[in-house]
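**Student:** Give me the fold of what follows.
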Amino acid sequence: MNKRVTLSDVAERAGVSKATVSAVLSGKAGKSIRVSETRMMRVFAAANALGYVPNTAAQQLKSGDDNHIIAVFTYENMFPADPKSEYYLFFAGIQQEAEREGYDILILNNWAKEKSRSSRIRLASGAIMIGVTRDDMHITGLVKQQFPLVFVGRREIGKGLPVNFVSFDYFRAVDDIVRIVSRFSDRLIYISSRLSNAEPSADKSLYLHQSCSDHGITIEDVLIENSVTEESLKKVLSSKVVIFDRLFIADLFTPVFKERNLVIGKDVFGAILEDDWTESHEEWTSWENRRMELGALAVKRLIAFLSGKDVDAGKMVEMNVVERLSTSGV
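**Tutor:** Now for the predicted structure:
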């Protein structure tokens, strides 16, 4: 039987006192004891290496610690408190639900720093993670130590590691869109970006191909970077039905269609696999904006996690398709 790793073992490996380890791993560094950023990172590294996995939520419940603080953390270079950010409505939903449940919010964004991007998360009871920029090393450490985390959007960080998340029900919405565009052709072009490798885009692509197969639709993938090529335009015009992965990709093609006097909903049909969070794509069929609901759901799941309740790995928010000119016809 393996010997249980203790605080003393972590302290010895990190070269610090047991009190320092206790303060860091309990989230009390800077309160009961002052600990430098460098020492905190040494403690986290030692705990990860030894496999020390304290259950932070259980410790707080057992001690009666009334630390009603939720951290909202992003690795993106713009925090979602900016209304122009695509993450803003997620944050608004998180904020409203947290206030309703009596939790304060600790806002963190250390994207630009090289050191200890996630250590301050431990000042909170748990954290909600927003954004798709990768920093799996720090996230993996938090998950291994059973720190309560909920991601907005599905996230994979490593084999065998549990990741709690909330996401949109992409499968249902994508299938509805395929049913709609199948009225115009049995062949469509799917345009996505070479620059996007996040899990949501991978999910949408998977479901789109599956749905097209189910409905007897031929699909051709086209990858672009930041401009419309003649080849990609010819493919779209040969099919007359196009599906865009993101709003910004539709933004590249829409002015080109208009320059060539192509009418959306007459010469070109299609949809965008995203909600119109910018409220500037009134021509294109997409799905309804339920970002605030998803943010609120993340808070509910985190609180359930903190309360010791069993929760499934992922929870979905359903979305209805909003049909516009691009599939209703002129």
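**Student:** Going by C-alpha atoms from here, please, whenever you check contacts or count neighbours.
**Tutor:** Will do.
**Student:** and for stretch 315-326, what are the contacting residues?
**Tutor:** Stretch 315-326 is contacted from outside by 165-170, 172-173, 176-177, 264-266, 268-271, 282-290, 293-294, using CA atoms under 8 Å, 6 or more residues apart in numbering.
**Student:** change it to 7 Å
**Tutor:** For stretch 315-326, contacts defined as CA atoms under 7 Å, 6 or more residues apart in numbering pick out 165-169, 173, 176-177, 264-265, 269-271, 282-288, 294.
**Student:** With stretch 276-287 instead?
**Tutor:** 86, 271-275, 289, 319-327.
**Student:** Can you tell me which of these has the most neighbours?
**Tutor:** When neighbours are counted by other CA atoms under 10 Å, residue 271 leads those with 31 neighbours.
**Student:** Name the nearest residue to that residue, ignoring sequence neighbours.
**Tutor:** Spatial nearest neighbour of residue 271, chain neighbours left out: residue 285 (4.6 Å); criterion: CA to CA, 6 or more residues apart in numbering.
**Student:** Now the one you found: phi and psi?
**Tutor:** phi -60, psi 130 (degrees, to the nearest 10).
**Student:** what do you get for the one 4 residues further on?
**Tutor:** With angles defined as degrees, to the nearest 10, residue 289 shows backbone torsions of phi -90, psi 110.
**Student:** what does residue 6 give?
**Tutor:** Per-residue torsions, residue 6: phi -110, psi 170 (degrees, to the nearest 10).
**Student:** Just give the number of residues close to it.
**Tutor:** 15.
**Student:** what does residue 34 give?
**Tutor:** Look at residue 34: counted by other CA under 10 Å, it has 12 neighbours.
**Student:** so what's it scoring on pLDDT?
**Tutor:** If you check residue 34, the pLDDT there is 74.
**Student:** now the one 10 residues further on
**Tutor:** Looking at residue 44, its pLDDT is 79.
**Student:** hang on, the earlier thing: from the contacts of stretch 315-326, which land in helices?
**Tutor:** Of the contacts of stretch 315-326, the ones assigned to helices by DSSP state H are 173, 176, 177, 294.
**Student:** Would you mind listing the residues in contact with residue 206?
**Tutor:** Contacts of residue 206 by CA under 7 Å, 6+ apart: none found.
**Student:** Okay, and it sits in which element?
**Tutor:** Element membership of residue 206, judged by DSSP states H and E, is helix 199-214.
**Student:** With residue 39 instead?
**Tutor:** Assigned by DSSP H and E, residue 39 falls within helix 37-50.
**Student:** Residue 190 should be in a strand, yeah?
**Tutor:** Yes - assignment of residue 190 by DSSP: H, G, I helix; E, B strand; the rest coil places it within a strand.
**Student:** Thanks a lot, catch you later.
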